[in-house]
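Undergrad: sequence plus predicted model, see below.
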Amino acid sequence: MSALYLGLISGTSADAIDAALVSFEPIIQLRASLAYPYPPELREQILRLAQGDGRISLDELGELDGRIACAFAAAANELLRKANVPAGAVRAIGSHGQTLRHRPLLAQPYTLQLGDPNLIAEHTGITTVADFRRRDMAAGGHGAPLAPAFHAAMLTPSTTPRVVLNLGGIANITILPGNPLASNQHAPLLGFDTGPASCLLDAWVEQHLGQPYDSDGAFASSGKVDIELLARLKSDPYFAAPPPKSTGREVFHLTWLQSHLHGLAIAPNNVQATLLALAAETIADAIRAYAADTREVFVCGGGVHNARLLQALANSLAPVSVDSVATLGVDPDFVEAMLFAWLARERIEARPVSNIDTVTGARGPRLLGGIYS
């Protein structure tokens, strides 16, 4: 068996820690996977900080860093136990950590992911690679998205221009020009965050129904799109800004939504329907603006299970096809975890190929991640 790498990530929804055990030779292959839930009180604290004013004492911050790391290590150990794979068979863990803030546009930009990699290495006995975003940011980039280089490596080259769409809390796209067509074989790889996907949908349904997410878009399906609210939401400058660009829950949160609801009396299910339309239309707008020749969109991330959202995307993008990456033989739930296994491998092999300057805006390729043995 070729060397194994283990990827760990919890996204902006903080619903679970996704763990993926991956081999890369002769092809990229997901060997085992696991969604490991956070303890409820830990998830609640993460979400409160991620979408609130961010106030926390230094002692609370330090303790949270350790608690998240211990949860990540537990996820890795549980995956290996279920897969019956010894820790010694894993070359390295790639840990994204838990994002609490991502501020690429400040005078002094920063991004903050918690989950101390020293603790992960200690509790698993496996070399851990972490802190992938800040080196790119130090080179003038956004530190995000990091997925496009992996999407290009993961998918078999196609002569058809295609987009890979990740529907997490935030949506991001990777634009893959068709190859090996002579007209665009030298086209640069592009990708960026388009805006909110599930983060507002999840937050709104949790506030009104006490559910962590809108199962299959049922709550949105019960409502109607409010045209005025949709126009207000789409007027946010982020959507019109050109790439490179990235964003997060610190921008698109319930307070942001409430500011646009001011003076409107809209039923909660109609707000949910409007938020779903916002996600679908801003994604479609971005694809039309920057990937006009796209003929195929392949979707990964938790939002792939929201049939209502996928249908809205298909309607907005027609006649472009919209399908899950499962049709290509890839598990849509673990693409991001596989990404961080791949990033760990690239760092261990000292290959500065994972930050794409046309994606992040960095001044050039950089070795991403620190190694904790």
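TA: The structure has been received and is ready for your questions. Numbering: from 1, shown residues only.
Undergrad: so residue 45 belongs to a helix, correct?
TA: Yes: under DSSP: H, G, I helix; E, B strand; the rest coil, residue 45 falls within a helix.
Undergrad: got the buried residues for the lengthiest strand in the chain?
TA: Counting residues, the longest strand found in the chain (DSSP state E) is strand 90-103. Neighbour counts over strand 90-103 (16 or more other Cβ atoms under 10 Å) mark 90-100, 102-103 as buried. Backbone N, C-alpha and C define where each C-beta goes, glycine included.
Undergrad: helices and strands around it, which ones?
TA: strand 4-10, helix 40-51, helix 58-83, strand 110-114, helix 117-124, strand 128-130, helix 335-348 (3 or more Cβ pairs under 8 Å, 6 or more residues apart in numbering; DSSP states H and E).
Undergrad: lowest-confidence stretch among the ones you listed?
TA: Ranked by mean pLDDT, the helices and strands packed on strand 90-103 bottom out at helix 40-51, which scores a mean of 89.
Undergrad: buried ones in that one?
TA: Neighbour counts over helix 40-51 (16+ other Cβ under 10 Å) mark 42, 43, 45, 46, 47, 49, 50, 51 as buried.
Undergrad: find the residue closest to residue 190 in space, skipping its chain neighbours.
TA: Leaving out its chain neighbours, the residue that sits closest to residue 190 by Cβ to Cβ, 6 or more residues apart in numbering is residue 175, at 4.3 Å.
Undergrad: and the one you found, what does it touch?
TA: Applying Cβ atoms under 8 Å, 6 or more residues apart in numbering, we find residue 175 in contact with 148, 161, 163, 189, 190, 191, 290, 291, 294.
Undergrad: does the third one count as helix, strand or coil?
TA: Spelled out, it's residue 163. Here residue 163 is recorded as strand under three-state DSSP.
Undergrad: right, and it touches residue 173 too?
TA: Yes: with contact defined as Cβ atoms under 8 Å, residue 163 and residue 173 form a contacting pair (5.3 Å).
Undergrad: who touches both of the two?
TA: Common neighbours of residue 163 and residue 173 (criterion: Cβ under 8 Å, 6+ apart): 287, 291.
Undergrad: ok so, going back, give me the beta-bridge partners of the residue nearest to residue 190?
TA: For residue 175, the beta-bridge partners are residue 163, residue 190 (DSSP bridges).
Undergrad: against residue 126, how distant is it?
TA: Using Cβ to Cβ, to the nearest Å, residue 175 is found at 34 Å from residue 126.
Undergrad: state the pLDDT value of the closest residue to residue 47 other than its chain neighbours.
TA: Once flanking residues are discounted, residue 47 sits nearest to residue 14: 5.7 Å by Cβ to Cβ, 6+ apart. pLDDT for residue 14: 86.
Undergrad: cool, residue 187 as well?
TA: With respect to pLDDT, residue 187 has a value of 66.
Undergrad: if we can go back for a sec, can I get the buried residues of helix 40-51 in TSV including distance to residue 276?
TA: Listed next are those as TSV, based on distance: Cβ to Cβ, whole Å:
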residue	distance to residue 276
42	28
43	23
45	28
46	24
47	20
49	26
50	21
51	19
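Undergrad: what is the nearest of the buried residues of strand 90-103 to residue 353?
TA: Lowest distance from residue 353 to these (Cβ to Cβ) belongs to residue 94, with 14.5 Å.
Undergrad: the closest one pairs with what?
TA: As for beta bridges, residue 94 partners with residue 7, residue 129 under DSSP bridges.
Undergrad: I figured it hits residue 348, correct?
TA: No: applying Cβ under 8 Å, one finds residue 94 not in contact with residue 348, separated by 9.2 Å.
Undergrad: give the helix, strand or coil label for residue 371.
TA: Classified using three-state DSSP, residue 371 is strand.
Undergrad: isn't it up against residue 347?
TA: Yes: if you go by Cβ under 8 Å, residue 371 and residue 347 touch, sitting 6.6 Å apart.
Undergrad: need the overlap of contacts for these two.
TA: With contacts taken as Cβ under 8 Å, 6+ apart, the residues that reach both residue 371 and residue 347 are 92, 129.
Undergrad: so for the two, which sits in the more crowded spot?
TA: For residue 371 and residue 347, the more surrounded residue by other Cβ atoms under 10 Å is residue 347, and the numbers stand at 22 against 16.
Undergrad: the more buried one and residue 200, how far apart?
TA: 33 Å.
Undergrad: any stretches of the protein with poor pLDDT?
TA: Judged by pLDDT under 70, the chain has its weakly predicted residues at 1-2, 179-187.
Undergrad: distance of the spatially most central residue of it relative to residue 195?
TA: Geometric centre of the chain, nearest residue: residue 168, 5.1 Å, by Cα atoms, centre = their mean. Distance, residue 168 to residue 195, by Cβ to Cβ: 12 Å.
Undergrad: same check on residue 15?
TA: Using Cβ to Cβ, residue 15 is found at 20 Å from residue 195.
Undergrad: now residue 308
TA: Taken as Cβ to Cβ, the span from residue 308 to residue 195 is 18 Å.
Undergrad: those two: who's more crowded?
TA: residue 195 (26 against 19).
Undergrad: so who does the more buried one touch?
TA: By Cβ under 8 Å, 6+ apart, the neighbours of residue 195 are 170, 171, 236, 238, 239, 247, 252, 278, 279, 282, 283.
Undergrad: quick one: the fifth one and residue 285 touch, right?
TA: Translated: residue 239. Yes: using Cβ under 8 Å, residue 239 is in contact with residue 285, at 7.0 Å.
Undergrad: report the set of residues contacting both of the two.
TA: Between them, residue 239 and residue 285 share the contacting residues residue 194, judged by Cβ under 8 Å, 6+ apart.
Undergrad: stretch 19-39: how far from the chain's middle?
TA: How far stretch 19-39 lies from its chain's middle: 16 Å, per Cα atoms, centre = their mean, to the nearest Å.
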